[in-house]
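Undergrad: got a structure for you, letters missing:
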């Protein structure tokens, strides 16, 4: 649900694109130039940032809180840990991590989209959080943090919006301490044909209608439904994590596979 | 263990955690005792599901998780047996229980049991947070009066019934009369039991003391002939 737009023209990914201008990537079901996807995703999140939380509650009927709760449970984060919450958006996970790490720990809420980061920062400040939280605008493909720095890195509903997912996984692995854990919470493929059919109908009819009614933007929620279908399935993402250098990679299907939580450990 | 969707487990643990923490917030004394425990973890394994719950105390709050982690003490039992031991006035949890298996720090398990059993929730304060102090006090005092009246009415009804059945109708005797009577019956039953046992013993001794019985065919033939003669 959260994250990326990309406005980092100095990245390696973009340098490659300049030498091969015809290279394209998917934006929902459309094929667009790689540079253009970054801007389009950014526009989506600029558009929905203010209504992001209420839309999450409406679209998932509140279940996203349970998905995030299980993510926190699996993180194993303790007092004094350093945690990076990539594509942290409005700070749901960051708040919980902040409680867990205590005053001796640190949490960094990173998001590439300035609008989402502003909404998240305001929300956390309003709730009295901030002592152990830093806010950083950062691209998941090029994280501005040292090697072997975090005990836990999480990315919730953000990876599918990243253009070069393999590069982002390598970066997340790089900043993890040995023994540290990467958690990827993301929409995935339902494991029941009946559920898949119902989910498709819901995604392509109800979601855009809700988006139009509440956020005044049906296109962004059409993109949400399409981008979920273009995202790698459970096994593919697990394989990608292994290729990025993580071990003990596994996943937990939630709500019949509509969402999956992948975890891996840096050796 | 039966595989359950993590969404369902998260819903269950989230509700239980919220309810327990709300109860602790309404009983500062119990909360202080939880703070004194420090950061500890109790694992509860529910049989026959094999579902493990990890209860972690953290600055007076409880966190409940289904994700495996190291625990200071592990309690294994059925939901009913565990609830009975925690919520009723049964003895403290120990290593010698038949219905609950305990591994690890038994003192922590006993402390946890005492804190939960000793919860005294300040309902008036909880109500005041929702509807304000004056209405909450009004409602709480009415509720207390109603409960007190109910208790008195129950005692009074019980006494009136007893009086009618014993004094007025004479259906049942007084306790003072009945008790010696029942004692006599008990004594008689005991004596009867003893007598029965003695008779059985005597019969057994007689059976042992009796001479071995002769051959049945050899004894019956002369007896028959005597009878024949008398006829």
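TA: Received, thanks. Model, not experiment: these values are computed from the prediction.
Undergrad: chain B: strands as residue ranges?
TA: B:41-46, B:51-58, B:61-65, B:73-77, B:101-104 (DSSP state E).
Undergrad: which one of those lies closest to chain A?
TA: Distances from chain A to each of these were compared using C-beta to the nearest C-beta; the minimum, 4.4 Å, belongs to strand B:61-65. Just so you know, the C-beta spots here come from the backbone N, C-alpha and C atoms, and that holds for glycine as well.
Undergrad: partners of that closest one, with directions?
TA: The partner list of strand B:61-65 in its sheet, established with DSSP bridges, is strand B:51-58 (antiparallel).
Undergrad: show me what the mean pLDDT comes to for the strand it pairs with.
TA: Taken as a whole, strand B:51-58 carries a mean pLDDT of 89.
Undergrad: okay, the angle between that strand and strand B:73-77?
TA: Comparing the axes of strand B:51-58 and strand B:73-77 via axes from the mean of the first three to the mean of the last three C-alpha atoms, to 10 degrees yields an angle of 140 degrees.
Undergrad: so for residue A:242, what's the nearest residue that isn't a sequence neighbour?
TA: residue A:249 (5.2 Å; C-beta to C-beta, 6 or more residues apart in numbering or on different chains).
Undergrad: quick one: list the elements packing against the helix or strand hosting that neighbour.
TA: For residue A:249, the element it lies in under DSSP states H and E is strand A:247-254. In terms of contacts (3 or more C-beta pairs under 8 Å, 6 or more residues apart in numbering or on different chains; DSSP states H and E), strand A:247-254 is packed against helix A:64-75, helix A:234-243, strand A:259-265, helix B:6-25.
Undergrad: change it to 7 Å
TA: Of the remaining helices and strands, those touching strand A:247-254 by 3 or more C-beta pairs under 7 Å, 6 or more residues apart in numbering or on different chains; DSSP states H and E are helix A:234-243, strand A:259-265, helix B:6-25.
Undergrad: out of the ones you listed, which comes closest to residue A:131?
TA: The minimum distance between residue A:131 and those falls on helix B:6-25, with 21.8 Å, by C-beta to C-beta.
Undergrad: would you turn the helices and strands packed on strand A:247-254 into a markdown table with distance to residue B:212, mean pLDDT and mean neighbour count?
TA: Shown next, in a markdown table, are the helices and strands packed on strand A:247-254 (distance: least, C-beta to C-beta, whole Å; pLDDT from 0 to 100; neighbours: other C-beta atoms under 10 Å in any protein chain shown):
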| stretch | distance to residue B:212 | mean pLDDT | mean neighbour count |
| --- | --- | --- | --- |
| helix A:234-243 | 87 | 95 | 17 |
| strand A:259-265 | 86 | 95 | 23 |
| helix B:6-25 | 76 | 89 | 17 |
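Undergrad: could I get the ones you listed as CSV with distance to residue A:65?
TA: Listed next are these as CSV, based on distance: least, C-beta to C-beta, whole Å:
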stretch, distance to residue A:65
helix A:234-243, 22
strand A:259-265, 12
helix B:6-25, 8
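Undergrad: those: which one's closest to residue A:185?
TA: strand A:259-265 (5.2 Å).
Undergrad: kindly calculate the angle that that closest one makes with strand A:247-254.
TA: Between the axes of strand A:259-265 and strand A:247-254, defined by the same axes, to 10 degrees, the angle is 160 degrees.
Undergrad: pull the residues that contact strand A:259-265.
TA: By C-beta atoms under 7 Å, 6 or more residues apart in numbering or on different chains, the surrounding residues in contact with strand A:259-265 are A:67, A:70-71, A:74, A:179, A:181-188, A:234, A:237-238, A:241, A:246-254.
Undergrad: drop anything exposed from these.
TA: Neighbour counting over the contacts of strand A:259-265 (16 or more other C-beta atoms under 10 Å in any protein chain shown) leaves A:67, A:70-71, A:74, A:181-188, A:234, A:237-238, A:241, A:246, A:249, A:251-254 as the buried ones.
Undergrad: quick revisit: so what are the sheet partners of the strand holding residue A:249 and their directions?
TA: Under the criterion DSSP bridges, strand A:247-254 sits next to strand A:259-265 (antiparallel) in its sheet.
Undergrad: the partner strand: how far from the chain's middle?
TA: Averaged C-alpha coordinates place strand A:259-265 at 12 Å from its chain's average position (C-alpha atoms, centre = their mean, to the nearest Å).
Undergrad: just stretch A:179-189 next, same as before
TA: Centroid separation between stretch A:179-189 and its chain, computed with C-alpha atoms, centre = their mean, is 9 Å.
Undergrad: and chain B, is it touching that?
TA: No - contact check for stretch A:179-189 against chain B, using C-beta under 7 Å from any C-beta of the partner chain: none in range, with a minimum separation of 11.1 Å.
Undergrad: least confident secondary structure element in chain A?
TA: For chain A, counting by mean pLDDT, DSSP states H and E, helix A:12-19 ranks last in confidence among helices and strands (a mean of 37).
Undergrad: have a look at chain A and report its longest helix.
TA: In chain A, ranked by residue count with DSSP state H as the criterion, the top helix is helix A:34-48.
Undergrad: tell me, how many residues neighbour residue A:229?
TA: When counting by other C-beta atoms under 10 Å in any protein chain shown, one arrives at 15 neighbours for residue A:229.
Undergrad: and it, that one's in a helix?
TA: Yes - the assignment for residue A:229 (DSSP: H, G, I helix; E, B strand; the rest coil) places it in a helix.
Undergrad: quick one: the strands in chain A, in order.
TA: In order along the chain, chain A carries the following strands (DSSP E): A:24-27, A:30-33, A:82-86, A:106-111, A:133-137, A:150-156, A:176-187, A:247-254, A:259-265.
Undergrad: how about the ones you listed in JSON lines, adding distance to residue B:75?
TA: Rendered in JSON lines, the data for the strands of chain A read as follows (distance: least, C-beta to C-beta, whole Å):
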{"stretch": "strand A:24-27", "distance to residue B:75": "51"}
{"stretch": "strand A:30-33", "distance to residue B:75": "56"}
{"stretch": "strand A:82-86", "distance to residue B:75": "31"}
{"stretch": "strand A:106-111", "distance to residue B:75": "33"}
{"stretch": "strand A:133-137", "distance to residue B:75": "37"}
{"stretch": "strand A:150-156", "distance to residue B:75": "29"}
{"stretch": "strand A:176-187", "distance to residue B:75": "28"}
{"stretch": "strand A:247-254", "distance to residue B:75": "25"}
{"stretch": "strand A:259-265", "distance to residue B:75": "28"}
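Undergrad: so which of those strands is nearest residue B:83?
TA: Of all the strands of chain A, the one in closest proximity to residue B:83, counting by C-beta to C-beta, is strand A:247-254 (28.4 Å).
Undergrad: tell me the mean pLDDT for the closest one?
TA: Averaged over strand A:247-254, pLDDT sits at 95.
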